[in-house]
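Asks: Sequence below, structure please.
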Amino acid sequence: MPKQFLDLGISAPILQAITELNIVEPTEIQQKTIPLLLSNATDLVGLAKTGTGKTAAFGLPLLQLIDTNNTAVQAVILAPTRELGHQIFNNLESFGKYIPGISIAATCGGIPIKPQIERLQTPTHIVVATPGRLIDLIQRKAVNLSSTQFLVLDEADEMVIILKESLDEIVAELPKAHKTILFSATMPGTIKQLIQNYLHKNVVQVSASMETIGNQGIEHQYIVVDPIEKLDVLMHFLNSREGERGIIFCKTKAAVNKLAKNLAINRFSSGAIHGSLTQGIRDRIMDQFREGHINILVATDLAARGIDVKEVSFVVNYHLPDVYEAYVHRSGRTARAGAKGLSLTVLQQEEVVEIADFEKELGIKFELFQKPSEASIENNNTLLWAKQIFKTKPNQDVDSELKSKIKTIFHHLTKDELVEKILANYLLQNKNTPTEKPVKKQKKN
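Replies: Numbers count the residues shown, from 1 in each chain. Purely as a prediction, here's the structure:
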């Protein structure tokens with residue numbers, strides 16, 4: 001019989017909360033981590049992927065170990081982005097809803113600091129923060145960490161540079177006897193160095209398998225395209241999934257902006273997020289996506305951390321990620337909470353050889369997604385053109401006399417006849433417009 005949270009030592013108030021959230025059976029990383037943290041005996045390093053339930057793995061035992069009669073900050077959790085920080089905060093609030101007197105604060109960057117300073121003047125047991133904002137609060141003497149027993153570094157591999165610069169200043173504020181809990185998806189040399197420098201020499205390391213909760217429900221597919229047809233093929237795919245929600249990942253901010261502009265031109269319900277946008281704009285777009293006001297989100301890898309929307313039915317890797325871990329994070333945005341999902345990677349012919357490496361490293365299998373025919377793509381582009389016309393707002397600045405003359409030209413046509421003529425005109429223009437082919441470079445002898 002599989003282990004239950006009760007078997008791991010989780011208390012009744014927390015059990016009640018997670019049962020209501022339909023969190024019933026602990027994941028592998030939770031089974032390995034929770035008893036160790038509850039024993040409060042040593043530092044811990046957890047290796048686990050997105051979707052394996054890491055927040056509950058450290059969050060449930062932390063909540064249980066908090067002494068609510070002590071009004072001091074007893075735990076600090078650091079996250080690489082504000083989005084992920086607020087996701088952790090919301091999860092902890094839900095897990096701890098039946099713990100009397102528990103107090104949790106989110107103090108992440110990108111928003112005014114004054115309300116956060118005021119919030120920390122009231123009793124606070126757990127602080128969820130981004131490193132830069134926590135440093136700012138420390139420098140302003142706005143947070144007292146002298147009684148903090150636990151420091152959690154979540155997704156440490158995503159904030160290595162920041163941690164190298166700021167961890168000394170944060171650790172200097174903590175009592176020497178504090179415990180450090182570090183979670184990372186990979187173990188590069190920089191993370192090993194952090195462990196060596198900041199964690200106890202007897203640190204315990206646990207790891208979960210590469211498979212994530214949602215991965216059993218994810219179809220991993222790839223499609224091979226020529227560079228010139230890449231956008232048209234994407235538009236064809238998106239039109240075939242009309243009404244569904246999805247996320248498209250690009251490597252760079254410039255690529256995100258360019259693709260988002262093309263989606264807007266073709267009247268797709270979409271928005272874009274990346275690190276150069278203000279936090280206010282990112283929050284607004286994320287809220288629109290979560291609430292279903294837009295269906296497609298175009299994003300860079302880091303900007304999309306912390307996106308936990310259950311109804312995301314597909315993910316598109318418009319550019320192949322540079323590292324395997326990025327693919328895990330990307331594909332993990334779909335098939336949440338036991339749902340099914342598709343992760344589609346768009347490749348050029350020379351990139352196909354890399355698929356075998358991804359399969360071997362991640363323990364997954366990719367299937368070939370059939371590319372639509374030229375005729376199908378042309379038909380799709382025609383439908384997009386029609387949607388552009390339908391969604392175009394009338395121009396009220398056009399001279400009324402000119403409008404009258406144009407109406408006179410068309411007045412004897414039925415609606416069907418008018419549609420036929422407009423369509424024929426579009427197809428004729430499209431046929432006569434030369435397609436610019438990429439110039440192939442000549443090989444030097």
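
Asks: where are the low-confidence patches of the stretch 1-150 of the chain?
Replies: Applying pLDDT under 70 to the stretch 1-150 of the chain flags residues 1-2, 50-51.

Asks: Now for Val204: which residues touch it?
Replies: Val204 makes contact with Leu36, Thr42, Asp43, Leu44, Val45 under the criterion C-beta atoms under 8 Å, 6 or more residues apart in numbering. No exception for glycine: its C-beta is placed from N, CA and C like everyone else's.

Asks: residues touching the third one, list them.
Replies: Counting by C-beta under 8 Å, 6+ apart, Asp43 touches Lys179, Thr180, Ile181, Leu182, Leu199, His200, Asn202, Val203, Val204.

Asks: before we move on, what about the fourth one?
Replies: Neighbour list for Leu44: Thr33, Leu36, Leu37, Lys179, Thr180, Ile181, Leu182, Val203, Val204, Gln205, Val206 [criterion: C-beta under 8 Å, 6+ apart].

Asks: How about Phe366: what's its closest non-neighbour residue?
Replies: Sequence neighbours aside, His220 is the residue nearest to Phe366 in space, at 4.8 Å (criterion: C-beta to C-beta, 6 or more residues apart in numbering).

Asks: Count the neighbours of that neighbour for me.
Replies: His220 has 22 neighbours, counted by other C-beta atoms under 10 Å.

Asks: Check the one 3 residues further on too.
Replies: Ile223 has 18 neighbouring residues, counting by other C-beta under 10 Å.

Asks: unless I'm mixing things up, it is touching Thr345, no?
Replies: Yes. Here Ile223 lies in contact with Thr345, judged by C-beta atoms under 8 Å, at a distance of 7.4 Å.

Asks: Surely Ser193 is in a strand?
Replies: If you look again at residue 193, you'll see it is Gln, not Ser. No. Gln193 is assigned helix when assessed by DSSP: H, G, I helix; E, B strand; the rest coil, not a strand.

Asks: okay, it: pLDDT?
Replies: The predicted local distance difference test score for Gln193 is 86.

Asks: do Thr186 as well
Replies: In the prediction, the pLDDT value recorded for Thr186 is 74.

Asks: my read: it touches Glu158, true?
Replies: No. Applying C-beta under 8 Å as the test, Thr186 and Glu158 come out as separate, 10.0 Å apart.

Asks: Out of the two, name the residue with the larger neighbour count.
Replies: Counted by other C-beta under 10 Å, Thr186 and Glu158 do not tie: Glu158 has more neighbours, with 21 against 14.

Asks: To what extent is Lys230 buried, counted in neighbours?
Replies: A count of neighbours around Lys230, defined by other C-beta under 10 Å, yields 17.

Asks: Distance check, it against Leu347.
Replies: Distance check for Lys230 against Leu347: by C-beta to C-beta, to the nearest Å, it reads 10 Å.

Asks: quick one, helices of the stretch 51-200 of the chain?
Replies: In the stretch 51-200 of the chain, the helices defined using DSSP state H, counting those that start in this stretch lie at 54-65, 82-95, 114-120, 131-139, 160-171, 189-198.

Asks: which intervals of the stretch 251-400 of the chain have sub-threshold pLDDT?
Replies: When residues are selected by pLDDT under 70, those of the stretch 251-400 of the chain lie in 302-308, 336-338.

Asks: same thing but at 80, please
Replies: Within the stretch 251-400 of the chain, the stretches falling below the threshold (pLDDT under 80) are 275, 279, 301-310, 323-326, 328-329, 332, 335-339.

Asks: quick one: buried residues of stretch 361-377?
Replies: Leu362, Ile364, Phe366, Phe369, Lys371, Pro372, Ile377 (16 or more other C-beta atoms under 10 Å).

Asks: Just the ones of these in helices?
Replies: Leu362, Ile377 (DSSP state H).

Asks: Secondary structure element holding Gln205?
Replies: With secondary structure defined by DSSP states H and E, Gln205 is part of strand 204-207.

Asks: List the neighbouring strands of that strand plus their orientation.
Replies: strand 44-47 (parallel) (DSSP bridges).

Asks: Off-centre distance for the partner strand?
Replies: Going by C-alpha atoms, centre = their mean, to the nearest Å, the spacing between the C-alpha centre of strand 44-47 and its chain's C-alpha centre is 22 Å.

Asks: So what's the gap between stretch 196-212 and the chain middle?
Replies: In terms of C-alpha atoms, centre = their mean, the centre of stretch 196-212 is found 24 Å from the chain centre.

Asks: could you dump it to PDB, C-alpha only?
Replies: Extracted C-alpha coordinates of stretch 196-212, given in PDB (Å, rounded to 0.1, in the frame of the first residue of the first chain):
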ATOM      1  CA  GLN A 196      30.200  23.300   0.200                       C
ATOM      2  CA  ASN A 197      30.300  26.900   1.300                       C
ATOM      3  CA  TYR A 198      26.900  27.300   3.100                       C
ATOM      4  CA  LEU A 199      25.600  23.900   4.100                       C
ATOM      5  CA  HIS A 200      26.700  21.600   6.900                       C
ATOM      6  CA  LYS A 201      29.400  19.000   6.000                       C
ATOM      7  CA  ASN A 202      27.000  16.200   7.000                       C
ATOM      8  CA  VAL A 203      24.200  17.500   4.600                       C
ATOM      9  CA  VAL A 204      21.800  14.800   3.500                       C
ATOM     10  CA  GLN A 205      21.100  14.700  -0.300                       C
ATOM     11  CA  VAL A 206      17.800  13.200  -1.700                       C
ATOM     12  CA  SER A 207      16.600  13.000  -5.200                       C
ATOM     13  CA  ALA A 208      13.500  12.100  -7.100                       C
ATOM     14  CA  SER A 209      13.300  10.400 -10.500                       C
ATOM     15  CA  MET A 210      13.300  12.600 -13.700                       C
ATOM     16  CA  GLU A 211       9.600  11.900 -14.100                       C
ATOM     17  CA  THR A 212       7.300  14.700 -12.900                       C
END
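
Asks: ok so, going back, would you mind listing the buried residues in the strand holding Gln205?
Replies: When burial is assessed from 16+ other C-beta under 10 Å, strand 204-207 yields the following buried residues: Val204, Val206.

Asks: tell me the mean pLDDT for it?
Replies: Averaging pLDDT along strand 204-207 gives 91.

Asks: for the very next helix or strand once past it, what is the average pLDDT?
Replies: Using DSSP H and E, the helix or strand that follows strand 204-207 towards the C-terminus is strand 218-224. Mean pLDDT, computed over strand 218-224, is 93.
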